[in-house]
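Student: need a structure here:
(one chain, ligands or ions: 2)
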Amino acid sequence: MRIEEVKSTTRTQRVAAHSHVKGLGLAEDGTAMEVAAGLVGQEKAREALGVAVELIKTKKMAGRALMLAGAPGTGKTALALALAQELGPKVPFCPMVGSEVFSSEVKKTEVLMENFRRSIGLRIKETKEVYEGEVTELTPEEAENPLGGYGKTVAHVIIGLKTTKGTKQLKLDPSIYEALQKEKVTPGDVIYIEANSGAVKRVGRSDAFATEFDLEAEEYVPLPKGDVHKRKEVVQDVTLHDLDLANAKPQGGQDLVSMMGQMMKSKKTEITEKLRSEINKVVNKYIDQGIAELVPGVLFIDEVHMLDIECFTFLNRALESTLAPIVIFATNRGMCTVRGTEVIAPHGVPVDLLDRLMIIRTMPYALQEIVQILAIRAQTEGIQVEEEAYAYLGEIGVRSTLRYAVQLLTPAKVIVGTNGREVVTKEDVEEIDALFYDAKASAKLLAEQKAGYLQ
Ligand SMILES: Nc1ncnc2c1ncn2[C@@H]1O[C@H](COP(=O)(O)OP(=O)(O)OP(=O)(O)O)[C@@H](O)[C@H]1O
Ligand SMILES: [Mg+2]
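Tutor: Numbering: from 1, shown residues only. Ligands and ions are numbered 1, 2, ... in the order given. Predicted coordinates for the structure are as follows:
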C-alpha cells in the first residue's frame, strides 16, 4: 500500500469570516471565560464543545454525532471552527456544507463517503532509510533539454546535509528538486529525504538560525545527531482519503488523452468501493500489528437541512461503521420538511437520526455581546471604530442579525478610506446602512411592492 499525504485536500476556505476565532476560550476547569480566544458569550455551547474535545482526544467519541442548533448568526459555524482549533493540526477536521452533495458529477453519497474518509486519521510509524540533516547547500545543475526544444532542464541537484557528525554532499534526481521546491526548502532548514521514495519532509528551521525577534511562526529544531544516512522512525499522519487517493489508479489506459491528463496533473482518479475495502483491510491489519494508530477526527456538516433523505439514510449507516469519525452538524432551521420526503421534522432532520444526536443550542446575543464581537472583528480587520458607531452597529445587529452588522464593517472602512479619514464614525455607519438592506428589510420591501415583481 502506498502511504502518502495528499496536501491538496486540506481545505481552508470558509474561514475568512471567522479568522478572529482562535479556540474555545475555556479555563483550566473547563468553564468558558466571558471573552477569550476571540469568542464572546455563548458560554454553555462552548463548555459543551469543550467536553466534546476531551472525549475526542481520549478517543471516546468515534461514531457519535453532535448538532449545533440555533438562529442565524448565533455563532454555530464559528464554534465548530473553534473546536477544530482546539483539536490541533494532528486531528483531522473536515468541514463541508450540506449543499455540497448536490453536484451533477458525483453521487451524493459518494461526496459524503469521501468526506467521511477525510475525517479519519491514521498515524503510521515506520522505520525508514533516510538522509537527514541541515541543508548547507542546494544547487540545481542544469543541462540542455534532452527532449530538444528551448530552455534548460535540471539534470540533478546537489544538496549538502549537515549533522552533528559532519556534512555530506548528495547528488540527487531532479524529481527530488521538485519535491524540495514544493516543501519550500532553503539552506538552513532541517529536512529528511526518504531513500526509497525520494519524498522530502521539512522538519523545521535549524535553531542555529533562531533570532530573538521572529514574527513568523517557525518551528526551530536542533541539528540532527548521528550520520546523514541512517534508519529513522518516521511518524506520518494521513487520512483514509489520502490513502485512497495515493492508491487509486489513474482512469483510462496509456492512450494519448490519459497521458495528457496526467501531464496536466488533473487528479481524475477513480476510487472504487473495492479499493476502499482493500485499504480498510490493510489499515485494520496495521492497527492490529501496532504499526498504525487510528485518529478519529471530526466531520463538520454545516447547513445539514440541505441534505436529503438519501444522505440521511447513508449517514445513519455510516455512523455505525467501525471506522467512523465524530460528526458535527449545524442548522438554523426549525420545523421543516426533510428534503426528498413530505415529512416535517425538527431541523429538517429525520427523527431516527435526530434520536442519536446530542444537541447543543446557540442563543441570540445581547447588545453588549454584539458590540464586543464587532470590536474583535474590527480589530482583526484593522478598522478603527468610534464608540458611538459601535453602539449604533450593535443596535443594527439586534434589529437584523449579528452577521449583517459584522458585514457592514468592511464597506464602512472603504467609505472612510475614500474620504481620507481613519476612524469609522456613526455617520459612516448610517450612510452604509442606508445603502444596503438586510434580509428582513428586503423581505419587507418585497411584501410591500409585490405588484412590481414578476410572479
Ligand atoms: N460568540 C462569538 N464570538 C465571536 N464571534 C462570533 C461569535 N458568534 C458569532 N461570531 C461571528 O459572527 C459571524 C456570524 O456567525 P456564524 O457565521 O458563526 O453564525 P451561524 O450561527 O453559523 O449562522 P448561520 O445559521 O446563518 O449559518 C461570524 O463572523 C462569526 O465569526
Ligand atoms: Mg453557519
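
Student: Local confidence estimate at Lys249?
Tutor: Here, the pLDDT recorded for Lys249 equals 65.

Student: Can you find the helix or strand of this structure with the lowest average pLDDT?
Tutor: In the chain, the helix or strand scored least confidently by mean pLDDT, DSSP states H and E is helix 256-263, which has a mean of 51.

Student: Let me know the average pLDDT across the helix or strand just after that one.
Tutor: Downstream of helix 256-263, the next assigned helix or strand under DSSP states H and E is helix 273-289. The pLDDT scores in helix 273-289 average 89.

Student: tell me what helix 273-289 is packed against?
Tutor: strand 120-144, helix 240-247, strand 292-296 (3 or more Cβ pairs under 8 Å, 6 or more residues apart in numbering; DSSP states H and E). Backbone N, C-alpha and C define where each C-beta goes, glycine included.

Student: can you confirm Val406 is in a helix?
Tutor: Yes: under DSSP: H, G, I helix; E, B strand; the rest coil, Val406 sits within a helix.

Student: just to revisit the earlier point, for the helices and strands packed on helix 273-289, which one ends up most surrounded?
Tutor: Mean neighbour count (mean count of other Cβ atoms under 10 Å) peaks for helix 240-247 among the helices and strands packed on helix 273-289, with a mean of 22.

Student: chain center to that one: distance?
Tutor: Mean-position distance between helix 240-247 and its chain equals 18 Å (Cα atoms, centre = their mean, to the nearest Å).

Student: ok and that helix relative to strand 292-296, angle-wise?
Tutor: 130 degrees (axes from the mean of the first three to the mean of the last three Cα atoms, to 10 degrees).

Student: can you pull the contacts of the closest residue to ligand 1 within the stretch 101-250 of the chain?
Tutor: At 17.3 Å from ligand 1, Val101 is the closest residue in the stretch 101-250 of the chain, using Cβ to the nearest ligand atom. Applying Cβ atoms under 8 Å, 6 or more residues apart in numbering to Val101 gives the contacts 108-109, 111-112, 306-307, 311.

Student: In the stretch 151-300 of the chain, what residue comes closest to ligand 2?
Tutor: Nearest residue of the stretch 151-300 of the chain to ligand 2: Phe300, at 10.2 Å (Cβ to the ion).

Student: Can you tell me the closest non-neighbouring residue to Ile359?
Tutor: Met67 (4.9 Å; Cβ to Cβ, 6 or more residues apart in numbering).

Student: Validate this expectation: that neighbour resides in a helix.
Tutor: No: under three-state DSSP, Met67 sits outside any helix and is assigned strand.

Student: Next, the residue in the stretch 51-200 of the chain that ligand 1 sits nearest to: phi, psi?
Tutor: In the stretch 51-200 of the chain, the residue that lies nearest ligand 1 is Gly75 (2.6 Å; Cβ to the nearest ligand atom). The phi/psi pair for Gly75 (degrees, to the nearest 10) reads phi 90, psi 20.

Student: At which residues are the helices of the chain located?
Tutor: Listed from the start of the chain, the chain has helices (DSSP state H) covering 43-57, 76-87, 108-118, 174-182, 240-247, 256-263, 273-289, 309-318, 351-354, 367-381, 387-399, 402-418, 426-435, 439-448.

Student: For the fourth one, which outside residues touch it?
Tutor: Outside helix 174-182, the residues that touch it by Cβ under 8 Å, 6+ apart are 138, 140, 153-157, 159, 191, 193, 198-200.

Student: Equivalent analysis for the shortest one, please.
Tutor: With Cβ under 8 Å, 6+ apart as the test, helix 351-354 has contacts from 65, 67, 312, 315-316, 345-347.

Student: Then the last one?
Tutor: By Cβ under 8 Å, 6+ apart, the list of residues contacting helix 439-448 from outside reads 399-401, 404, 437, 453.

Student: Which single one of these is nearest to ligand 2?
Tutor: For those, the nearest to ligand 2 is Thr401 (11.2 Å; Cβ to the ion).

Student: Please determine how far that closest one is located from Ala71.
Tutor: Thr401 sits 8 Å away from Ala71 when distances are taken as Cβ to Cβ, to the nearest Å.

Student: Those two: who's more crowded?
Tutor: Thr401 (21 against 16; other Cβ atoms under 10 Å).
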